[in-house]
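using only what follows, build the 3D model:
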Amino acid sequence: MKLSCLQENLNWGLGIVGRAVASRTTLPITNNILLETDQSRLKLIATNLEMAISCWIGAKIEEEGTITVPAKLLTEFINSLPKDKVDITMAPKTKTISVHCARYEARISGMDAKDFPPIPSVDQSISTSIDVEALRQAITQVVFAAASEESRPVLTGIDAKFDGSILTLAAADGFRLAVYKVTLIKPVSQKIEVIIPAKTLAELNRLMSDQEDPVEVTVNPNKSQILFKMKNIELVSQLIQGAFPQYEQLIPTSTGTKATVDATEFLRATRTAAIFARDGTGIVRLIIAPGGELTPGKMTISARSEEIGDDQGEIDATVQGNEAKIAFNGKYLVEVLSVLKEERVMLETSSPSSPGVIKPVGSDNYVHVVMPMFVQW
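Next up, the predicted model:
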């Protein structure tokens, strides 16, 4: 192997694939990054056996070759170099690469590429493409609602239903549910439902940050793997096997009170209350009061802790229906309000013991359901 590339390009590529490097593993080679010449480009690959990221950068290839080297060592060394040309060479019979840049030179011991886990090729079964900005927003508004504990593995994933020209993403952790519908650029040939690990979609969101072209999505025939293809980047992930809960029946179909409020004010008042709530049980209380003929309705957001005190904030609200009282975990409210883009949101509720529903005003592709907390009023 003999090649040269720019330090900033190599540094970028290592940063892209680095998040897929295994942190704790019984297979030491998954701590490495695979370097592989690919015509006039250098291909970088990392995997933790559940997810693999591949990235291509421009390079001048003089001799073909492939090697795996320790990810952390290579990344830190390249990151410390000046922005100049990097020359990488490997003697045919050794497993050591020489890295030369400006007045810096290093030799790094690697491992044979044939021992690196093979990256699965996702054969086309169901394929489509999605606008990158639409997919980014969809992931942002559901991924935080997935469960982090492994007690119910399917809840650590995002349910993805591909149906015609619509992709529906849903996440639930037993206390809340987020459902987002996004339009596909290319309709799927058949309906399919898979569970994508939330960690995979969180990484995809990071990788899409500087992408502009649509993202190509392919699911293999037996629904065990999914491929996301972007410009110069590919992400392959295992899918979670199992049945996702039938979440449609968890979304209330009737409501007694609807309160429309300014999203920024609602978030600010909730964040303030959550400061007091976190020292107690995390409970934030909402009281929705309809307005009169000349006075607007209002929503009062409060929290109290026996040890440190209490807090109360008030915001204007357009209220349909009767006065309502309901309490939520403040953390859940803050997380959903933080990801909404619209200026106004609607909170729907029917009783203190029924779930609350949060929807952005002016958009019908997102719904968020939060279970209430039981308190003494």
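
how confident was the prediction at the nearest residue to H368 once chain neighbours are set aside?
Using CB to CB, 6 or more residues apart in numbering and skipping the chain neighbours, the partner closest in space to H368 is I358 (4.4 Å). C-beta coordinates here come from the backbone N, C-alpha and C atoms, glycine included. Listed pLDDT for I358 reads 97.

also Y104?
96.

enumerate the beta-bridge partners assigned to it.
Y104 has these beta-bridge partners by DSSP bridges: C101.

so how many other residues sit close to it?
Counted with other CB atoms under 10 Å, the neighbours of Y104 add up to 13.

before we move on, what about T25?
T25 - counted by other CB under 10 Å - has 12 other residues nearby.

what residues sit buried inside stretch 16-35?
16-22, 29-35 (16 or more other CB atoms under 10 Å).

what sits up against the one helix or strand the residue nearest to H368 maps to?
Assessed by DSSP states H and E, I358 sits inside strand 356-360. Strand 356-360 is contacted by residues 251-252, 255, 263, 326, 328, 336-337, 340-342, 344-349, 366-370, 372 when judged by CB atoms under 8 Å, 6 or more residues apart in numbering.

out of these, name the ones that lie in helices.
263, 336-337 (DSSP state H).

buried among these? Need that as a selection in PyMOL.
Selecting the buried subset of those in PyMOL, with 16+ other CB under 10 Å as the burial test, is done by:
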select buried, resi 263+336+337
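
adjacent strands (with direction) for the strand holding I358?
strand 344-349 (antiparallel), strand 366-370 (antiparallel).

reformat the ones you listed as a markdown table; add distance to D115, mean neighbour count and mean pLDDT.
Formatted as a markdown table, those follow (distance: least, CB to CB, whole Å; neighbours: other CB atoms under 10 Å; pLDDT from 0 to 100):
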| stretch | distance to D115 | mean neighbour count | mean pLDDT |
| --- | --- | --- | --- |
| strand 344-349 | 53 | 22 | 96 |
| strand 366-370 | 46 | 23 | 97 |
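
nearest to I45, out of those strands?
strand 366-370 (35.2 Å; CB to CB).

using PDB, write out the CA atom coordinates for the closest one.
The C-alpha coordinates for strand 366-370 follow below in PDB (Å, rounded to 0.1, in the frame of the first residue of the first chain):
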ATOM      1  CA  TYR A 366     -46.400  14.500  14.200                       C
ATOM      2  CA  VAL A 367     -48.100  13.400  17.500                       C
ATOM      3  CA  HIS A 368     -46.600  12.900  20.900                       C
ATOM      4  CA  VAL A 369     -48.400  11.100  23.700                       C
ATOM      5  CA  VAL A 370     -47.300  11.500  27.300                       C
END
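
how far does that strand sit from the chain's center?
17 Å (CA atoms, centre = their mean, to the nearest Å).

please identify which of the ones in helices among the contacts of strand 356-360 is nearest to N232.
V336 (33.6 Å).

now that closest one: closest residue in space, sequence neighbours ignored.
H368 (4.8 Å).

dump the residue contacts of that neighbour.
Contacts of H368 by CB under 8 Å, 6+ apart are 141, 145, 176-179, 336, 357-359.

contacts only, for the spatially most central residue of the chain.
The centre of the chain sits closest to A202, judged by CA atoms, centre = their mean, with a distance of 2.3 Å. Contact analysis of A202 by CB under 8 Å, 6+ apart lists 139, 143.

related to what we said a few turns ago, got the ones in helices among the contacts of strand 356-360 as TSV, with distance to S109 and pLDDT columns?
As requested, the ones in helices among the contacts of strand 356-360 are exported to TSV (distance: CB to CB, whole Å; pLDDT from 0 to 100):
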residue	distance to S109	pLDDT
A263	54	96
V336	49	97
L337	51	97
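
need the ones in helices among the contacts of strand 356-360 in TSV with distance to T168, can you?
Shown next, in TSV, are the ones in helices among the contacts of strand 356-360 (distance: CB to CB, whole Å):
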residue	distance to T168
A263	23
V336	18
L337	22
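
and the ones in helices among the contacts of strand 356-360, which is closest to R285?
For these, the nearest to R285 is L337 (16.0 Å; CB to CB).

isn't that closest one up against F266?
Yes. The criterion here is CB atoms under 8 Å, and L337 meets it with F266 at 5.9 Å.

quick one, strands of the stretch 1-150 of the chain?
Ranges of strands in the stretch 1-150 of the chain, per DSSP state E, counting those that start in this stretch, are 2-6, 32-38, 41-47, 51-58, 60-63, 66-70, 85-90, 96-101, 104-109, 126-130.

could I get those as TSV with distance to P197?
Listed next are those as TSV, based on distance: least, CB to CB, whole Å:
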stretch	distance to P197
strand 2-6	32
strand 32-38	21
strand 41-47	14
strand 51-58	7
strand 60-63	35
strand 66-70	24
strand 85-90	33
strand 96-101	33
strand 104-109	31
strand 126-130	18
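
which one of those strands lies closest to L207?
That would be strand 51-58 among the strands of the stretch 1-150 of the chain, by CB to CB, at 7.4 Å.

distance from the chain centre to that closest one, please.
That offset, for strand 51-58, works out to 19 Å (CA atoms, centre = their mean).

also stretch 42-57?
With CA atoms, centre = their mean, you get 18 Å for stretch 42-57.

any idea how far N232 lies from M208?
12 Å (CB to CB, to the nearest Å).

more neighbours: which of these two?
M208 (19 against 16).

need the contact list for the more buried one.
Counted by CB under 8 Å, 6+ apart, M208 has contacts 132, 135-136, 215, 230.

which one of those is nearest to C55?
Once CB to CB is applied, the member of the contacts of M208 that ends up nearest C55 is M230, at 9.6 Å.
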